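A.B. asks: Quick one, what's the 3D model for this:
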Amino acid sequence: MALDPSTVDAIDVHVHVEQDGHGCFALDQELMDASAAYFKSGQDRTPTIASIAEHYRERRLAAVVFTVDAPAGTGHPALSSEEIADLAAEHTDVLIPFGSVDPHGGKASVARIHRLVTEHGVRGFKFHPSLQAFEPNDRSFYPLYEAIAGLGVPALFHTGQTGIGAGLPGGRGIKLRYSNPMLLDDVAADHPELTVVLAHPSVPWQDEAISMATHKSNVYIDLSGWSPKYFPPQLVRAANSLIRHKVLFGSDFPVITPDRWLSDFERLDLKPEVRPLILKENAVRMLGL
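C.D. replies: Now for the predicted structure:
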């Protein structure tokens with residue numbers, strides 16, 4: 001059963017699951033520590049699905065939850081998107097599961113996309129080009145997008161700077177250029193039936209992301225990963241006008257809590273009619289709720 005939007009005040013479209021029920025973690029310890037230092041996050045970095053559900057339920061919020069499946073890029077075993085979706089199914093009042101597949105998995109990843117939607121109720125897919133070490137506009141990955149579009153669910157891509165690997169020698173080999181949103185302009189243009197969400201303020205490519213969301217009806221921007229008080233001014237202007245129907249609330253929990261994000265969001269100079277669009281109404285449309 002899908003979430004009833006009338007029962008929540010806002011929908012956070014960007015929440016990470018970083019621990020499964022077996023004591024396994026989404027990242028190795030070095031990357032986890034570097035990310036924690038980058039975000040200066042003092043809270044628990046590894047809440048379980050049940051604790052995430054309770055955290056959001058207490059606040060009358062819903063959350064899109066996912067992991068990033070990146071063993072080819074990181075050498076670290078991924079958490080199970082199947083398990084995340086099945087556990088989220090116990091909390092349909094507040095949780096919306098997205099899946100993740102390793103882009104380098106070829107036909108096996110395409111088949112898994114179908115299973116995750118048809119057998120596990122996944123409502124979208126998460127990609128992190130820098131962490132997964134792939135150029136998203138390489139046509140060898142197009143079968144992934146064709147499968148996702150055919151199933152009628154969105155694809156959410158990390159864009160811009162990443163805290164994963166930040167401050168480490170060579171950034172632990174993680175390449176930022178893979179997360180230039182202009183690579184996704186090709187994807188959105190070549191797959192007009194695919195809903196593409198550009199995750200985060202796409203610094204240092206913020207203007208490119210705004211241009212894409214303005215130009216293409218199938219492109220959205222989520223505002224996760226940054227406190228709103230640090231948003232680039234051109235993003236605030238665009239969210240208040242040209243792309244008001246294309247911008248989505250996202251926190252990046254657990255590194256940024258919804259409490260902190262929403263508190264800082266209240267201080268942004270936005271028109272009153274824009275706030276409900278960003279907090280819930282745009283997500284309802286994007287997710288097909």
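A.B. asks: just the strands in the stretch 151-289 of the chain please.
C.D. replies: Ranges of strands in the stretch 151-289 of the chain, per DSSP state E, counting those that start in this stretch, are 155-158, 196-199, 219-222, 247-248.
A.B. asks: ok, and what's touching the first one?
C.D. replies: Pointing back at strand 155-158 there. Contacts of strand 155-158 from elsewhere in the structure, counted by Cβ atoms under 8 Å, 6 or more residues apart in numbering, are 13-14, 64, 66, 68, 98, 124-131, 136, 145, 148, 179, 181, 184, 194-200, 222. C-beta coordinates here come from the backbone N, C-alpha and C atoms, glycine included.
A.B. asks: What of the shortest one?
C.D. replies: Residues external to strand 247-248 that are found in contact with it (Cβ under 8 Å, 6+ apart): 11, 13, 197, 213, 220-223, 238-239, 277-278, 282-283, 286.
A.B. asks: Can you report how many residues neighbour the closest residue to residue 267 other than its chain neighbours?
C.D. replies: What sits nearest to residue 267 in space, not counting adjacent residues and going by Cβ to Cβ, 6 or more residues apart in numbering, is residue 229, at 6.5 Å. Neighbour count for residue 229, taken as other Cβ atoms under 10 Å: 12.
A.B. asks: and residue 229, what does it touch?
C.D. replies: Neighbour list for residue 229: 264, 267-268 [criterion: Cβ under 8 Å, 6+ apart].
A.B. asks: Could you report the neighbour count for residue 17?
C.D. replies: If you count neighbours by other Cβ under 10 Å, residue 17 ends up with 29.
A.B. asks: How about residue 281?
C.D. replies: Look at residue 281: counted by other Cβ under 10 Å, it has 17 neighbours.
A.B. asks: give the contact list for it.
C.D. replies: With Cβ under 8 Å, 6+ apart, residue 281 has no contacts at all.
A.B. asks: for residue 90, same thing?
C.D. replies: 49-50, 53.
A.B. asks: After the helix or strand bottoming out on mean pLDDT in the chain, heading C-terminal, what element do we hit next?
C.D. replies: Lowest mean confidence among the helices and strands of the chain (mean pLDDT, DSSP states H and E): helix 29-39, at a mean of 66. Next in sequence after helix 29-39, counting helices and strands by DSSP states H and E, comes helix 49-58.
A.B. asks: so for that next one, what's the average pLDDT?
C.D. replies: Mean per-residue pLDDT for helix 49-58: 96.
A.B. asks: pLDDT score assigned to residue 172?
C.D. replies: Per-residue confidence (pLDDT) for residue 172: 87.
A.B. asks: thinking again about what came up before, list just the nearest of the contacts of residue 90 to residue 163.
C.D. replies: Using Cβ to Cβ, residue 49 is the member of these that sits closest to residue 163, with 22.3 Å.
A.B. asks: separation between residue 6 and residue 274?
C.D. replies: Look at residue 6 and residue 274: by Cβ to Cβ, to the nearest Å, they are 20 Å apart.
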